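>>> please work out how this folds:
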Amino acid sequence: MSFIEQKFNIPELKGISKRNIEEHLKLYAGYVKHANLVLEKIEELKEDAEKNAYALGEVMRRFGFEFNGMRNHEVYFRSLEGGPTPISTSGPLAKAVGQTWGSLDAWLAECKAIALTRGIGWAMLYYDPASKRLLHAWVDEQHLGQLQACSLILGLDMWEHSYVADYQPSGKKQYVEDFFANLNWDVIEKNFKEAQK
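Numbers count the residues shown, from 1 in each chain. Coordinates of the predicted model:
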């Protein structure tokens, strides 16, 4: 069974152009396509797994990159669907954020600081079902650094393709501000609710 490219209903955004979103969606489509191609290659190589052990290992490494790129972008684009909505200051997510970081403002400041890490990657907010708490993470490359057994609640793409066309490299901080201004917090709340099941 193949992975299916998702479609997203993303309205006009503050700061992030329609053209940039269209180009970014093409990159996402590439992750879906290549995740499927890699799975096909794995099927081919495993017919003689012992002979193809090295190639199989390399292709499996590539699969982690393509698959996580696909899923991370799905979380990213879903969070922009339907237009911006405010975060509920009395909802379950705000309460969990308060328990971990003391306040929404303190959490947001830390999250934005992580997003401004030098280099390419993702600023992530996860829910860990084992400890029942929220965790931040910086993920350099998609096949390395994702938090095991945690659910992704919010993913901020900080690879240059996500912002440089609209902001230039020097506008990274404004892109982060605009991303949060464009978020549909109802989607983030839903992600959090689903993660707790």
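
>>> tell me where this protein has helices.
18-45, 53-78, 92-101, 104-115, 164-167, 172-182, 185-195 (DSSP state H).

>>> with mean pLDDT and mean neighbour count added, can I get these in a markdown table?
Any C-beta I mention is one placed from the backbone N, CA and C, and that applies to glycine too. Formatted as a markdown table, these follow (pLDDT from 0 to 100; neighbours: other Cβ atoms under 10 Å):
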| stretch | mean pLDDT | mean neighbour count |
| --- | --- | --- |
| helix 18-45 | 97 | 16 |
| helix 53-78 | 96 | 18 |
| helix 92-101 | 96 | 16 |
| helix 104-115 | 97 | 16 |
| helix 164-167 | 96 | 16 |
| helix 172-182 | 98 | 17 |
| helix 185-195 | 98 | 17 |
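
>>> so can I have TSV of those helices showing distance to Gly145?
As requested, those are exported to TSV (distance: least, Cβ to Cβ, whole Å):
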stretch	distance to Gly145
helix 18-45	17
helix 53-78	10
helix 92-101	20
helix 104-115	12
helix 164-167	22
helix 172-182	19
helix 185-195	19
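
>>> among those, which comes closest to Tyr126?
helix 185-195 (8.2 Å; Cβ to Cβ).

>>> can you list contacts of the closest one?
Helix 185-195 has contacts (Cβ atoms under 8 Å, 6 or more residues apart in numbering) with 75, 78-79, 81-82, 84-88, 91-93, 96, 127, 129, 151-154.

>>> state the distance from Ser170 to Tyr163.
Per Cβ to Cβ, to the nearest Å, Ser170 is found 11 Å from Tyr163.

>>> which one of these two has more residues nearby?
Between Ser170 and Tyr163, Tyr163 has the larger neighbour count (other Cβ atoms under 10 Å), namely 23 against 8.

>>> how about the more buried one, phi and psi?
Note on Tyr163: its backbone torsions stand at phi -140, psi -20 [degrees, to the nearest 10].

>>> and the end-to-end length of stretch 159-173?
End-to-end distance for stretch 159-173, by Cα to Cα, to the nearest Å: 13 Å.

>>> hmm, who's touching it?
Contacts for stretch 159-173 (Cβ under 8 Å, 6+ apart): 15-17, 19-20, 23-24, 27, 76, 116, 120-122, 158, 174-175.
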